[in-house]
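> No sequence on hand, only this structure:
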């Protein structure tokens, strides 16, 4: 009996080690901008790519993450913002650069409409979660005496997102946060399959939301810090 | 102004539903019906100083696309109500005044209009993923926008495409509906932002005394605001 237990532990340990998440967050803030009381944020997905776009539930997750808690930020609904600004934030018309944004804001009525929404910062989400590797296999069989599975399956998902923050009032880019979260899941099957699943997208959402909140509420940025040091020097 | 005809719309809607239900009954098992329904926002643009007639053909009101996909099912996608919900507020905003007309050439008192606009949905295509790894439903559609003189002469025939994709989250029908709405919004965005940039329209507006280059519409409005010309939308008659 002890030998069985030891064998199972010996098998389970490497599997538990194989299943896990590696995360990398790279915030880059260019200015000292911080969000003020009464100013809103909107989180929008970049939709120009043919092959991928940030998932709707990921955009919602980031919006919810920024809005929740006692120190939650004022987050404008993405759908409502796109409707109010229609047709200027559709995939084919949305500004791709701050120069495009500047041109857009010069159109009659556009700046007034933005002011009406209360939105000062736009967070552009670009990226997606993709399965980058998978392997192994599980075989199941059933007979008169019972049924069972045997084998091992594994897969790896990669969540890569860039969140770029634009200041609509000053028509400038405030910086970008890059998130890269890889999650490896395994499913051993010894009679019954035991899924040991990781959720890199949920991890990326929590990480990005936390970083964005810090980004928008803390004055210092890497570039601003560098400039200050240079000026002092 | 646009005359909304609720009774006629109801009748059309009834016909639409009847056609969809009949299609479902005839095809039996393995059929999928999607009725695209949505509200569409009014575009944030400056109206062109034109009094236009709006000719919406019955085919647009009752547009139903059917396609039998081998090894899948017979798809029936009804877009009629969504077409009207998207195009009516769009044209109402694009022009100073819009009056619904029955046909061209215009008769009697309607000749005071500057022209007539007729939208048609010419092409519709969609793709539903089959493999487990395919995540997006895609819809592509092409409207044909025709502008007529009041006497029936054609000013412009303009194909406008819209593409939309949607994640396959719950079921295929829901994803097709959402992708179709994205494609319609895209087409609406192109119509409302690029109409006045069409060379034939610039020439046509110039001929009507509205100036060349175009002095109204989204593109020109931006240029005007940068040049400080506040009287940009006033016709120079």
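The structure has been received and is ready for your questions. Here the structure is a predicted model, which is why all the values come from computation and not from measurement.
> What are the boundaries of the strands in chain A?
With DSSP state E applied, chain A shows strands at A:20-29, A:40-45, A:74-76, A:119-143, A:146-167, A:172-193, listed in chain order.
> Please identify which of the ones you listed is closest to chain B.
strand A:119-143 (7.2 Å; C-beta to the nearest C-beta). Every residue, glycine included, has its C-beta placed from N, CA and C.
> Pull out the buried positions in the closest one.
Of the residues in strand A:119-143, those buried under the neighbour-count criterion (16 or more other C-beta atoms under 10 Å in any protein chain shown) are A:119, A:120, A:121, A:122, A:123, A:124, A:125, A:126, A:127, A:128, A:129.
> In the residues you listed, find the pair that's most separated.
Between any two of the buried residues of strand A:119-143, the greatest separation by C-beta to C-beta is 28.9 Å, found for A:120 and A:129.
> low-scoring pLDDT stretches of chain B, where are they?
Per-residue confidence for chain B (pLDDT under 70) gives these ranges: B:1-29, B:109-111, B:131-134, B:211-237.
> where along it do the helices fall?
Assigned by DSSP state H, chain B shows helices spanning B:6-27, B:58-61, B:80-94, B:172-194, B:199-207, B:218-227.
> what comes up buried for stretch A:197-208?
Within stretch A:197-208, judged by 16+ other C-beta under 10 Å, the buried ones are A:198, A:199, A:200, A:201, A:202, A:203, A:204, A:205, A:206, A:207, A:208.
> can you tell me which of the residues you listed are in helices?
Per DSSP H, helices hold the following members of the buried residues of stretch A:197-208: A:200, A:201, A:202, A:203, A:204, A:205, A:206, A:207, A:208.
> so which of those residues comes closest to chain B?
Of all those, chain B sits closest to residue A:201, with 12.6 Å by C-beta to the nearest C-beta.
> so what's the closest one up against?
Taking C-beta atoms under 8 Å, 6 or more residues apart in numbering or on different chains as the definition of contact, the neighbours of residue A:201 are A:55, A:58, A:129, A:157, A:159, A:181.
> hmm, try it at 7 Å
By C-beta atoms under 7 Å, 6 or more residues apart in numbering or on different chains, the residues touching residue A:201 are A:58, A:129, A:159.
> and what of residue B:198?
Under the criterion of C-beta under 7 Å, 6+ apart, the contact list for residue B:198 reads B:156, B:158.
> tally of neighbours for the closest residue to chain B within chain A?
Of the residues in chain A, the one nearest chain B is residue A:87, at a distance of 3.4 Å by C-beta to the nearest C-beta. Taking other C-beta atoms under 10 Å in any protein chain shown as the neighbour definition, residue A:87 ends up with a count of 23.
> Am I right that it is in contact with residue B:193?
Yes - using C-beta atoms under 7 Å, residue A:87 is in contact with residue B:193, at 5.9 Å.
> which neighbours do those two share?
Any residue near both residue A:87 and residue B:193 by C-beta under 7 Å, 6+ apart counts here, and that gives residue A:93.
> which one is residue B:125 nearest to, not counting chain neighbours?
Nearest residue to residue B:125 in three dimensions, chain neighbours excluded: residue B:140, at 4.7 Å (C-beta to C-beta, 6 or more residues apart in numbering or on different chains).
> quick one: that neighbour and chain A, what's the gap?
Residue B:140 sits 12 Å away from chain A, taking C-beta to the nearest C-beta, to the nearest Å as the criterion.
> contacting residues for that residue?
Taking C-beta under 7 Å, 6+ apart, we find residue B:140 in contact with B:125, B:161, B:163, B:183.
> hey, what's it bridged with?
The residues listed as beta-bridge partners of residue B:140 by DSSP bridges are residue B:125, residue B:163.
> picking up where we left off before, and the buried residues of strand A:119-143, which is closest to residue B:178?
Distance to residue B:178 across these (C-beta to C-beta) is lowest for residue A:128, with 17.2 Å.
> doesn't residue A:49 make contact with the closest one?
No - with the criterion set as C-beta under 7 Å, residue A:128 and residue A:49 do not qualify as a contacting pair; they are 8.6 Å apart.
> Which residue does chain B have closest to chain A?
Residue of chain B nearest chain A, by C-beta to the nearest C-beta: residue B:189 (3.4 Å).
> Spatially, what comes nearest to that residue if we skip its sequence neighbours?
Once its chain neighbours are removed from consideration, residue B:189 has its nearest residue in residue A:87; the separation is 3.4 Å (C-beta to C-beta, 6+ apart).
> What of residue A:163?
Across the structure, with C-beta to C-beta, 6+ apart as the measure, the residue nearest residue A:163 apart from its sequence neighbours is residue A:177 (4.7 Å).
> Run a quick neighbour tally on that neighbour.
By the criterion of other C-beta under 10 Å, residue A:177 has 22 neighbours.
> And for residue A:146?
8.
> just residue A:72 next, same as before
Using other C-beta under 10 Å, residue A:72 has 12 neighbouring residues.
> Ramachandran angles for it?
phi -60, psi 150 (degrees, to the nearest 10).
> who touches the residue positioned nearest the centre of chain B in this structure?
Nearest to the mean C-alpha position of chain B, counting by C-alpha atoms, centre = their mean, stands residue B:87 at 4.3 Å. Applying C-beta under 7 Å, 6+ apart to residue B:87 gives the contacts residue B:119.
> hmm, 8 Å instead?
By C-beta under 8 Å, 6+ apart, residue B:87 lies in contact with B:56, B:60, B:119, B:188.
> Which one of the contacts of residue B:140 sits in the busiest neighbourhood?
Ranking the contacts of residue B:140 using other C-beta under 10 Å puts residue B:183 first, with 26 neighbours.
> Let me see the contact set for the residue nearest to residue B:200 when sequence neighbours are not counted.
Spatially, and ignoring its direct neighbours in sequence, residue B:200 is nearest to residue B:156 (4.3 Å; C-beta to C-beta, 6+ apart). When the contact criterion is C-beta under 8 Å, 6+ apart, the partners of residue B:156 are B:145, B:146, B:147, B:198, B:200, B:201, B:204.
> Which of the residues you listed are buried, as a PyMOL select command?
Applied in PyMOL, the following selects the buried portion of the contacts of residue B:156 according to 16+ other C-beta under 10 Å:
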select buried, chain B and resi 145+146+147+198+201+204
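> Could you list the low-confidence segments of chain A?
Those would be A:1-18, A:50, A:220-233, if you go by pLDDT under 70 across chain A.
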